[in-house]
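[1] Let's see this in three dimensions:
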Amino acid sequence: MNLLLLSNSTQHGRGYLDHALDTVTAFLPTGARLAFVPYALADHDTYTARVRDALEPTGIAVHGVHEHTDPVAALEAADAVFIGGGNSFRLLGALYRTGLREAVAGAVGAGLPYMGASAGTNMAAPTLRTTNDMPIVQPPSFETLGLVPFQINPHYLDPDPASTHKGETREERLTEFLEENDVPVLGLREGSWLRVEGGTAHVEGARPARLFTRDAAPRELAPGSDVSHLLTTEPRFDAPTR
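    As a prediction, the model looks like this:
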């Protein structure tokens, strides 16, 4: 697998992908034809134009899969694929509807570079179960692409000790997930990402990640941390995913 999984595509005070642009351009093949999957947002044309504006000055040709009558054929013609952020439920429903869920998983397994941001990073995990998003649509299944065998929580937020809000913290929600499912969850804070190359995986970016496992305290993972052991995870979901 050749994966770049970003927590976020936009950092406060910066343009689209600016905070990770050097990493993104180093990851994508030189002069790549990039298949962009915009289905996590409703306005596919505007979303694709935003990605195009960010990446085409670097020599990357961005092609929205929705611009083609056959999205799977658009994927097959690409040198890499990027699935952008937005609503994870809407995105997954569209991947099923277009046939891209199976097509992307197969192509990436065969070596196609995969970049995800936010909802697109959620898609790399086995299931949708650790997304932060509201289920605005009902996909046929919670099964995502399964490019890695553990769960990811993009946009991970630490508890604010000064907050008077009484709702669940992100840590509490992930703890609840682990009460029902025995599979690690990697919390990616804003400005961080996961890089997977073959059998190795590393936390990268400007901030540490946070690793949650059942019956253990969460662990902080500094940028540069080797998390390759997560690639050999054998997840157990206590309820069927179909």
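
[2] Against Ala80, how distant is Pro235?
    27 Å (Cβ to Cβ, to the nearest Å). C-beta here means a position set from N, CA and C on the backbone, and glycine is covered the same way.

[3] Which residue of these two possesses the greater neighbour count?
    Using other Cβ atoms under 10 Å, the more surrounded residue of Pro235 and Ala80 is Ala80, with 21 against 17.

[4] State the pLDDT value of the closest residue to the more buried one other than its chain neighbours.
    Once flanking residues are discounted, Ala80 sits nearest to Pro113: 4.1 Å by Cβ to Cβ, 6 or more residues apart in numbering. If you check Pro113, the pLDDT there is 98.

[5] which ones are touching Pro113?
    Going by Cβ atoms under 8 Å, 6 or more residues apart in numbering, Pro113 touches Asn2, Leu3, Leu4, Phe27, Leu28, Pro29, Asp79, Ala80, Val81.

[6] Phi and psi next, for it.
    Recorded main-chain torsions at Pro113 are phi -60, psi 140, according to degrees, to the nearest 10.

[7] quick revisit: most neighbours among the contacts of Pro113, which one?
    Busiest of those [other Cβ under 10 Å] is Leu4, holding 25 neighbours.

[8] and it, which of the three is it?
    strand (DSSP: H, G, I helix; E, B strand; the rest coil).

[9] so who does it touch?
    Per Cβ under 8 Å, 6+ apart, neighbours of Leu4: Thr23, Val24, Phe27, Pro113, Tyr114, Met115, Gly116, Trp193, Leu194, Arg195, Val196.
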